[in-house]
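1. Just need the structure, nothing else, for what follows:
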Amino acid sequence: MNKQTYQRFDGKVAIVMGAASGIGAATARRLIDEGAKVLLTDRADSALEKILEELPQDRVDIAKADVSKRSEVEAAVAKAVERFGQLDLLISNVGVSTVGTLEETDVDDWRSICGTNVDGSIFATKAALPYLKKTRGNIVYTASISGVGGDKNTFFYDVSKGAVVQMTRALAVEQGPNGIRVNAICPAVTRTGMTEDMFKNEDYVKTLISAIPLGRYGKAEDMAAAILFLASDDASFISGHIMLVDGGLSAWNGQPPFLK
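-> As a prediction, the model looks like this:
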């Protein structure tokens, strides 16, 4: 555990979905470092158990949940409130993908991707809202730069993350009068367990880095830092915001340099 000079989340209770690895695990650890009590959810229960062993038992709990199943998501939200007495933050960090164009991909894959990337966030949000209204809490979704600009071969993923972007905006307008803030981060390709196979390809990594002005790929800790900012009181007047966390990738128009 890292010592922090301040505790932005002291007295706060958070749910982190997709917390068994990658961005979710990094976010959960940072929240705990900064004073929060956290319920970690994921479908990978063995990985959750392992993380639980590393964290302070009095401020952490876990709930196995397949986010595409409404009853399991509702049970996880209820467990957080039962264990810690309130809910201040919902961090919905869920995502699955398939590689392929619309023509190449089976439409049945859409239901699987939508069930996780869209339905899971909707189920969690609907279950959490009654508690977030009481605390005037906030929500942070993990969308993707693929939700604000298209890719060449992840059609269903792009569409699903575009839905998360619009969900963020619509819910921010809807719930603003209740004091609930709603924001999202849009990562570029980030090195996590989900993308590790791609990072074994040296040519892919070189191509990726060449397109990013900062000259490196994103890490889970980069995304966690952005999530914590949006979830904190430092962002108390920010809602409906789609934060691109991409090393400047989206700022480049894609043109090659002009010739002298």
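
2. which residues in the stretch 1-150 of the chain form strands?
-> 13-17, 37-42, 60-64, 89-92, 138-142 (DSSP state E, counting those that start in this stretch).

3. Neighbouring strands - and their directions - for the longest one?
-> Spelled out, that is strand 37-42. strand 13-17 (parallel), strand 60-64 (parallel) (DSSP bridges).

4. Out of those strands, the one nearest residue 130 is which?
-> strand 13-17 (13.6 Å; C-beta to C-beta). No exception for glycine: its C-beta is placed from N, CA and C like everyone else's.

5. Would you mind getting the angle between that closest one and strand 138-142?
-> Here strand 13-17 points in a direction 20 degrees away from that of strand 138-142 (axes from the mean of the first three to the mean of the last three C-alpha atoms, to 10 degrees).

6. quick one: average pLDDT of strand 13-17?
-> Mean pLDDT, computed over strand 13-17, is 98.

7. what comes up buried for that strand?
-> 13-17 (16 or more other C-beta atoms under 10 Å).

8. Just put the strands paired with strand 37-42 in CSV and tack on distance to residue 215.
-> Output for the strands paired with strand 37-42, formatted as CSV (distance: least, C-beta to C-beta, whole Å):
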stretch, distance to residue 215
strand 13-17, 30
strand 60-64, 36
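
9. So which of the ones you listed is nearest residue 112?
-> The nearest among those, by C-beta to C-beta, is strand 13-17 at 16.9 Å.

10. Could you list the residues in contact with the closest one?
-> Strand 13-17 is contacted by residues 24, 27-28, 31, 36-42, 65, 67, 76-77, 80-81, 84-94, 120-121, 124, 128, 231 when judged by C-beta atoms under 8 Å, 6 or more residues apart in numbering.

11. Any of those residues buried? List them.
-> For these, buried by 16+ other C-beta under 10 Å: 24, 27-28, 31, 36-42, 65, 67, 76-77, 80-81, 84, 87-94, 120-121, 124, 128, 231.

12. Surely residue 164 is in contact with residue 141?
-> Yes. Using C-beta atoms under 8 Å, residue 164 makes contact with residue 141 at a distance of 5.2 Å.

13. Common neighbours of these two, please.
-> 121, 184.

14. which one of those two has more residues nearby?
-> residue 141 (29 against 23; other C-beta atoms under 10 Å).

15. On the three-state scheme, the closest residue to that one other than its chain neighbours is what?
-> Among residues not flanking residue 141 along the chain, residue 184 sits closest, at 4.2 Å (C-beta to C-beta, 6 or more residues apart in numbering). Recorded secondary structure, residue 184: strand (DSSP: H, G, I helix; E, B strand; the rest coil).

16. How much space separates residue 184 from residue 55?
-> 26 Å (C-beta to C-beta, to the nearest Å).

17. Looking at the two, which one has more neighbours?
-> More neighbours surround residue 184 than the other of residue 184 and residue 55, with 31 against 18 (other C-beta under 10 Å).

18. my guess is the more buried one contacts residue 240, does it?
-> No. Residue 184 lies out of contact with residue 240 (C-beta under 8 Å); the separation is 9.0 Å.

19. Now for these two: what residues contact both?
-> residue 168.

20. which element follows the least confident helix or strand in the chain by mean pLDDT toward the C-terminus?
-> When each helix and strand of the chain is scored by mean pLDDT, DSSP states H and E, helix 196-199 comes last, with a mean of 79. Using DSSP states H and E, the next helix or strand after helix 196-199 towards the C-terminus is helix 202-211.
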